[in-house]
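1. sequence? don't have it. structure:
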């Protein structure tokens with residue numbers, strides 16, 4: 001079992017992580033800002049994305065275990081993200097990337113798998129030294145397969161892995177921050193989580209069951225400066241006009257073809273806090289690690305979101321993960337929460353109303369940020385970033401518990 005976590009890691013671990021985060025990646029274009037090609041167009045119209053590829057990165061990371069909504073353990077790990085180059089005959093899917101993720105301990109490889117990265121959005125930041133960065137956020141989901149080197153015990157090896165051939169579905173995000181200076185390089189921040197049975201083994205879907213009702217699991221990078229914590233600031237605002245929703249045009253069931261881009265739709269939302277609580281406890285909860293809220297909103301093209309409380313999830317949900325604490329290392333002083341949601345989603349382009357499940361991330365704080373538009377830098381952005389994408393199978397039906405594709409993306413700021 002993982003030993004009880006401490007708020008500060010050893011100097012040896014910190015120095016290893018610092019070397020990893022500063023010494024990885026290859027320079028990318030210093031042209032900033034680079035618009036993504038998705039904003040400013042008419043409703044429901046097709047466009048072409050302009051999203052860069054990023055190089056292989058090796059980074060110090062943390063493996064975190066949560067029990068009864070409290071921090072149960074943390075161990076240093078090394079993560080390697082290796083992009084997979086695809087040459088599909090029908091063209092690239094809009095905003096999608098695939099990458100091989102390997103997570104190792106000093107003993108060797110513990111977890112590996114192919115992850116789906118879906119582009120969410122981009123914005124500009126300025127670090128404390130005055131260097132502008134363009135951040136590209138991708139939402140991540142996929143299966144990681146455990147190896148025999150994962151230490152035994154419910155706080156290191158999720159019990160569900162034994163039931164599904166070693167596979168564990170993780171969701172989260174990765175931010176790629178490219179310096180706008182020539183040869184400035186790229187910095188990365190990311191989080192993946194597999195939560196308790198309440199969400200990640202929900203009944204009625206594949207991999208349903210009772211496996212770890214009181215345990216959740218997270219991987220986070222960079223390790224340096226990160227303090228795992230169940231209780232961090234939460235989302236919620238009565239009104240915000242930032243930023244957008246976006247639809248991906250997926251081939252009709254039974255037909256082949258690539259996923260196409262549509263322009264973003266300006267969106268206004270309200271996220272009303274309902275409660276903080278612990279849905280992942282088999283004993284007395286250690287903390288109220290989770291927040292629940294009612295998300296509603298409407299877009300300029302007719303898209304709407306309504307929280308009804310059923311049939312999949314009771315509304316917007318988020319789980320505290322912790323905070324990066326070093327202002328000079330990307331992402332700066334920033335809190336992170338894993339999130340999910342269940343809403344009635346009205347597609348403004350088709351008029352179809354469907355209950356859907358979304359997965360994503362919330363980050364709070366970090367460096368000052370502003371929009372990237374087709375015309376250059378835009379308005380300053382509030383520093384609570386909420387990003388989610390829906391979870392569907394190939395035919396468009398909602399799905400939980402397993403890897404997924406998406407055709408609806410939410411980008412919200414508060």
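-> Right, received. Where do you want to start? All of these numbers come straight from a predicted model, not from anything done at the bench.
2. On the strand side of things, show who residue 353 bridges to.
-> Assessed by DSSP bridges, residue 353 has beta-bridge partners residue 346.
3. What is the burial count for it?
-> Using other CB atoms under 10 Å, residue 353 is surrounded by 12 other residues. In this view, the C-beta of every residue, glycine as well, is placed from N, C-alpha and C.
4. That one reaches residue 346, doesn't it?
-> Yes: contact criterion CB atoms under 8 Å: residue 353 and residue 346 qualify, at 4.8 Å.
5. from the middle of its chain, how far away would stretch 47-55 be?
-> Averaging C-alpha positions (CA atoms, centre = their mean, to the nearest Å) puts stretch 47-55 18 Å from its chain's average.
6. okay, how far is it across that stretch, tip to tip?
-> End-to-end distance for stretch 47-55: 25 Å, by CA to CA, to the nearest Å.
7. next one: stretch 42-52
-> First-to-last residue span, stretch 42-52, CA to CA: 24 Å.
8. Show me what it is in contact with.
-> 28-29, 34-38, 41, 94-95, 119, 136, 178, 247, 249, 260-263, 265, 300-302, 348-349 (CB atoms under 8 Å, 6 or more residues apart in numbering).
9. Buried residues of it, list them for me.
-> 44, 47, 49, 51 (16 or more other CB atoms under 10 Å).
10. wait, which of the residues you listed is closest to residue 67?
-> Distance to residue 67, by CB to CB, is smallest for residue 51 among the buried residues of stretch 42-52, at 38.2 Å.
11. Let me see the backbone angles for the closest one.
-> Dihedral angles of residue 51 (phi, psi; degrees, to the nearest 10) stand at phi -110, psi 120.
12. about what we covered before: can you tell me which of the buried residues of stretch 42-52 end up in strands?
-> Under the assignment DSSP state E, these contribute residue 47 to strands.
13. Between the buried residues of stretch 42-52, which sits nearest residue 109?
-> residue 51 (29.5 Å).
14. What is the neighbour count of the residue nearest to residue 391 when sequence neighbours are not counted?
-> Spatial nearest neighbour of residue 391, excluding adjacent residues (CB to CB, 6 or more residues apart in numbering): residue 404 at 4.1 Å. Residue 404 has 22 neighbouring residues, counting by other CB under 10 Å.
15. Now do the contacts for residue 404.
-> So residue 404 contacts 116, 141, 391-393 (CB under 8 Å, 6+ apart).
16. What helices and strands are in contact with the helix or strand that contains residue 101?
-> In this assignment (DSSP states H and E), residue 101 forms part of strand 96-105. Secondary-structure packing of strand 96-105 (3 or more CB pairs under 8 Å, 6 or more residues apart in numbering; DSSP states H and E): strand 70-83, strand 108-126, strand 132-146.
17. give me the beta-bridge partners of residue 373?
-> residue 376.
18. Let me see the contact set for it.
-> So residue 373 contacts 35, 39-40 (CB under 8 Å, 6+ apart).
19. I'd like to know which of the helices and strands packed on strand 96-105 lies nearest to residue 215.
-> strand 70-83 (7.8 Å).
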